[in-house]
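Chemist: coords please:
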Amino acid sequence: MEEKYSAGLISQSFWFVEFKKIVILYKNGADYGEIKRRCTEENLFGAVSPERGRRMCGYLLRRLRAMDEKMIDIFVNADVSTRKLINLITIMKTDKLFFEFVYEVYRGKLIVGDTNIDLKDVNIFFAQKETQSDEPASWTEQTKKKLRSLFLNMLTEAGLVKWADDKKQKRIVNRVFITMELENYLKATNVSMYKAIAGVN
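Modeler: Next comes the predicted model:
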């Protein structure tokens, strides 16, 4: 995981469909160079420009590099919900601030039984980090606003947060189902990551 806080996530999205393509290509024998070539020459993700396609590919390959062969095997054989969860885990593994948000805010909510989560919780989290580190404190308000919204959207797309009703005016935390295979893998390789998504001490 990155040692420093970064605002790099601001250029990304959850990109589940695109991430799945990358992992399957790699599992089927394509190396990083081949994947990069296909991203640019075939516009693998339907990007609006070649430059955007290259940038997306770079971000997604970074997530892929955060996976070992065991995690890749789990992903390939998993259902959609578990695949989305693994995509989220790779984002957490490549972004220190986002990992800490899930660990401290999402996990904290589940531990105390508080189901409500909204921008106020994200604002408090960011305010705390600004007092602890120069990096978040130096970001523009626009950057922080985009990141705050992105953090909640990432959790929503992965299933850790859901809308309370069809009006989509209120979000609540959701304890996700973690398969035994993924649970055992995380406990053996990264127990903090397991605690973060499982919402346990």
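Chemist: low-confidence ranges, this structure, go.
Modeler: Low-confidence segments of the chain (pLDDT under 70): 1-2.
Chemist: same for the longest helix anywhere in it, what does it pack against?
Modeler: As assigned by DSSP state H, the longest helix anywhere in the chain is helix 141-158. Judged by 3 or more C-beta pairs under 8 Å, 6 or more residues apart in numbering; DSSP states H and E, helix 141-158 is in contact with helix 80-94, helix 96-101, helix 119-132, strand 161-163. Backbone N, C-alpha and C define where each C-beta goes, glycine included.
Chemist: how far does the third one sit from its chain's centre?
Modeler: A distance of 19 Å separates the C-alpha centroid of helix 119-132 from that of its chain, computed with C-alpha atoms, centre = their mean, to the nearest Å.
Chemist: can you list contacts of it?
Modeler: 5, 97, 100-101, 104-105, 109, 136-137, 144, 147-149, 151-152 (C-beta atoms under 8 Å, 6 or more residues apart in numbering).
Chemist: convert the C-alpha atoms of the next helix or strand after it to PDB, please.
Modeler: Downstream of helix 119-132, the next assigned helix or strand under DSSP states H and E is helix 134-138. C-alpha atoms of helix 134-138 as PDB (Å, rounded to 0.1, in the frame of the first residue of the first chain):
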ATOM      1  CA  ASP A 134       0.200  17.900   5.300                       C
ATOM      2  CA  GLU A 135      -1.000  16.200   2.100                       C
ATOM      3  CA  PRO A 136      -4.800  16.200   2.600                       C
ATOM      4  CA  ALA A 137      -4.500  19.700   4.200                       C
ATOM      5  CA  SER A 138      -2.800  21.000   1.000                       C
END
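Chemist: what's helix 134-138 in contact with?
Modeler: By C-beta under 8 Å, 6+ apart, helix 134-138 touches Lys4, Tyr5, Ser6, Ala7, Leu97, Phe126, Lys129, Glu130, Thr131, Lys144.
Chemist: excluding sequence neighbours, find me the nearest residue to the fifth one.
Modeler: Take Leu97 and drop its neighbours on the chain: the residue closest to it by C-beta to C-beta, 6 or more residues apart in numbering is Tyr5, 4.8 Å away.
Chemist: three-state assignment of that neighbour?
Modeler: coil (DSSP: H, G, I helix; E, B strand; the rest coil).
Chemist: and it, how far is that from Ile89?
Modeler: Going from Tyr5 to Ile89 by C-beta to C-beta, to the nearest Å gives 19 Å.
Chemist: higher neighbour count, those two?
Modeler: Ile89 (25 against 20; other C-beta atoms under 10 Å).
Chemist: contacts only, for the more buried one.
Modeler: Ile89 sits next to Met71, Leu186, Met193, Ile197 when contact means C-beta under 8 Å, 6+ apart.
Chemist: and Ser13, what is it in contact with?
Modeler: Leu150, Asn153.
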